[in-house]
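J.: Any chance you can model this:
(chains A and B)
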Amino acid sequence: MQIGESNHGTILIVTVAGRLDSTTSPEFEKHILGRIEAGQTDILVDFAALDFISSAGLRVMLMAAKRVKAAKGRMALCGLNDNIAKVFEISGFLSIFTVYPDQQAALAATA
Amino acid sequence: MAERIDISIPNDREAIPAIVGELERLTEIAGLAPDAAYALELAVDELVTNIISYGYPAGGQGTIQIVVEADAAQLRLEIVDDGVPFDPLTQERDPPLDGEIEDRPIGGLGIHLVQSLMDEMRYERSGDRNRIFCVKRR
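T.: Predicted coordinates:
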């Protein structure tokens, strides 16, 4: 797994590449929860380069979403491949996350 | 022709990446479709993690065996461990799948995902081993 970041105005764009599974999710958890704790509560998570997510990764996304919501921030997702979109659907996560096709669409919608 | 992998690992999370490598190799040689490959990798991550978390409450060394067979008709996964009796199908309650963010519990989705992505899943205790079988039709 590789984590990348860029800023777009007040929005932090976090890109995650590779796998978010039981092995890699703890590192992602530490990273994203650390950002939220530091006051970054306007976040777009870009999964365009993510191949795989298991419940370990979903758990981190839910924890992050809960904290962002408690801080009255915004968190959105983009770039889910077909398998990952299906996992989000099966988990009932499509009703709690706003999902955009890609970064451009997400940034246009939140501008 | 059937392709097969058979790996045994200790009950240690550090051993999981080695299985992922083997599963990726099988996906390639057996020409698995993306959805079948995903179901397989997800089932292994969820089920092996569960076994390591709950199968050895007294600590100690255990062995988890992962067997995958792929033929033209289906993909079969069998996971065998020597931990305490543990049926993942009865021990995990159905997670709530709707409601607001703050109402969703953290965790509990793993087995639900495996059951949804696989066509069949069953558990049996035989002798001093737990056995989980999953089938994904191709």
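J.: Burial check on B:E124, number of neighbours?
T.: Neighbours of B:E124 under the rule other C-beta atoms under 10 Å in any protein chain shown: 10. For the C-beta atoms, the positions are set from N, CA and C on the backbone; glycine is no exception.
J.: show me where pLDDT drops low in the chain?
T.: Unless you meant another one, I'm taking chain A. For chain A, applying pLDDT under 70 flags the ranges A:111.
J.: The intended chain is chain B.
T.: For chain B, applying pLDDT under 70 flags the ranges B:1, B:92-93.
J.: in which helix or strand would I find the residue of it found nearest chain A?
T.: Chain A sits closest to B:L97 of chain B, with a gap of 3.1 Å, by C-beta to the nearest C-beta. Using DSSP states H and E, B:L97 sits within no helix or strand.
J.: list the contacts for it?
T.: Taking C-beta atoms under 8 Å, 6 or more residues apart in numbering or on different chains, we find B:L97 in contact with A:S91, A:G92.
J.: Likewise for the one 10 residues further on?
T.: By C-beta under 8 Å, 6+ apart, the contact set of B:G107 is A:S55, A:R59.
J.: what do you get for B:D12?
T.: By C-beta under 8 Å, 6+ apart, the contact set of B:D12 is B:I52.
J.: Over to the one 3 residues further on?
T.: With contacts taken as C-beta under 8 Å, 6+ apart, B:A15 has the following neighbours: B:I9.
J.: Could you look up the SS state of it?
T.: Assigned by DSSP: H, G, I helix; E, B strand; the rest coil, the conformation of B:A15 is helix.
J.: Verify the contact between B:V68 and B:R4 for me.
T.: Yes - with contact defined as C-beta atoms under 8 Å, B:V68 counts as touching B:R4 (6.9 Å).
J.: No further queries at this time; thank you.
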